[in-house]
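**Student:** model this:
(2 chains)
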Amino acid sequence: EAGVAQSPRYKIIEKRQSVAFWCNPISGHATLYWYQQILGQGPKLLIQFQNNGVVDDSQLPKDRFSAERLKGVDSTLKIQPAKLEDSAVYLCASSLGPDRGLGNEQFFGPGTRLTVL
Amino acid sequence: QQQVKQSPQSLIVQKGGISIINCAYENTAFDYFPWYQQFPGKGPALLIAIRPDVSEKKEGRFTISFNKSAKQFSLHIMDSQPGDSATYFCAGYNFNKFYFGSGTKLNVKP
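**Tutor:** Prediction:
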């Protein structure tokens, strides 16, 4: 079974530039998560999709971050314009969906390491 | 508000020793408590998980101890090996959302 795919793996940009990350979840997984992981910290949820609808985006800085999950499969996360404090690893994860008992396991992609100069 | 607090931040253990990482949670609605292992350059991977109706779960060298009344749970790694050197995250889950601890960087010395 293929895992969660993310690209690019690394990205270096100047502040005020824009950047986009792509995620392809495990086939059949209804729930998709985007996390921001700052060095030395645990993952922080940015946005959560259930199929192609947003379940939670309460911690997404909406003035600069946007995300979409068209057709309920793959997803893109965009930052425009980027700030220095956006330097982090952006993790995508997917799961079968709610109420699946221990089957609600999250599977993470390898992440995209963003450096903003 | 940090819903899951994890300690210690870093841990050094000799090969063959026991590694213990502790977590405390606030939200009594959590109904699933996973532990994740993360190697450098990789995403977190599920290591072991427990439901709050069980006090202990063991899988190989890894054991979760769960104390519902104290709202605490811990990961024990028996016979720690250099290959266990990684960052470990605990988490609480409810309503299809995961709340992560801040992580513990484990270094197992040969």
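
**Student:** pLDDT-wise, which helix or strand of the chain ranks last?
**Tutor:** All of this is about chain A. strand A:53-56 (a mean of 91; mean pLDDT, DSSP states H and E).

**Student:** I was thinking of chain B, sorry if that wasn't clear
**Tutor:** strand B:97-100 (a mean of 89).

**Student:** List the buried residues in it.
**Tutor:** B:97-100 (16 or more other C-beta atoms under 10 Å in any protein chain shown). Placement of C-beta: from N, CA and C, glycine included.

**Student:** same check, this time on stretch B:58-65
**Tutor:** B:62-65.

**Student:** before we move on, what about stretch A:62-70?
**Tutor:** Neighbour-count burial for stretch A:62-70 [16+ other C-beta under 10 Å]: A:65-67, A:69.

**Student:** Report the contact partners of the most centrally placed residue in chain A.
**Tutor:** Compute the mean C-alpha point of chain A, and by C-alpha atoms, centre = their mean the closest residue is A:Trp34, 2.5 Å away. Contacts of A:Trp34 were listed using C-beta atoms under 8 Å, 6 or more residues apart in numbering or on different chains, and they are A:23, A:45-48, A:67, A:75, A:77, A:90-92.

**Student:** Also B:Ser10?
**Tutor:** Contacts of B:Ser10 by C-beta under 8 Å, 6+ apart are B:104-107.

**Student:** B:Gln81 too?
**Tutor:** B:15, B:108.

**Student:** which residues in chain A form strands?
**Tutor:** Applying DSSP state E to chain A gives strands spanning A:5-7, A:10-13, A:19-24, A:31-37, A:44-50, A:53-56, A:65-68, A:75-79, A:88-95, A:107-108, A:112-116.

**Student:** who are the neighbours in contact with residue 96?
**Tutor:** Going with chain A. A:28-31, A:103-105.

**Student:** Sorry, I should have been clearer: chain B.
**Tutor:** Contacts of B:Asn96 (C-beta under 8 Å, 6+ apart): A:31, A:48, A:50, A:55, A:95, A:97-98, A:104.

**Student:** filter those by proximity to chain B?
**Tutor:** Filtering the contacts of B:Asn96 for neighbours of chain B using C-beta under 8 Å from any C-beta of the partner chain leaves A:31, A:48, A:50, A:55, A:95, A:97-98, A:104.

**Student:** about what we covered before: how about residues contacting the least confident helix or strand of chain A?
**Tutor:** A:31, A:45, A:47-49, B:96-97.

**Student:** got a pLDDT number for the closest residue in space to A:Cys23 that isn't next to it in sequence?
**Tutor:** Nearest residue to A:Cys23, sequence neighbours excluded (C-beta to C-beta, 6 or more residues apart in numbering or on different chains): A:Cys92, at 3.4 Å. We have a pLDDT of 97 for A:Cys92.

**Student:** what's near enough to touch A:Cys92?
**Tutor:** A:4, A:6, A:21, A:23, A:25, A:32-35, A:75, A:77, A:108-109, A:111.

**Student:** between the residues you listed, which is nearest chain B?
**Tutor:** For the contacts of A:Cys92, the minimum distance to chain B (C-beta to the nearest C-beta) is 3.2 Å, reached by A:Phe108.

**Student:** what residues does chain B put near chain A?
**Tutor:** Near chain A, when you scan chain B using C-beta under 8 Å from any C-beta, you find B:6, B:32, B:34, B:36, B:41-46, B:49, B:51, B:89, B:91, B:93, B:95-98, B:100-103.

**Student:** again, 6 Å this time
**Tutor:** B:42-44, B:46, B:89, B:96, B:100-103 (C-beta under 6 Å from any C-beta of the partner chain).
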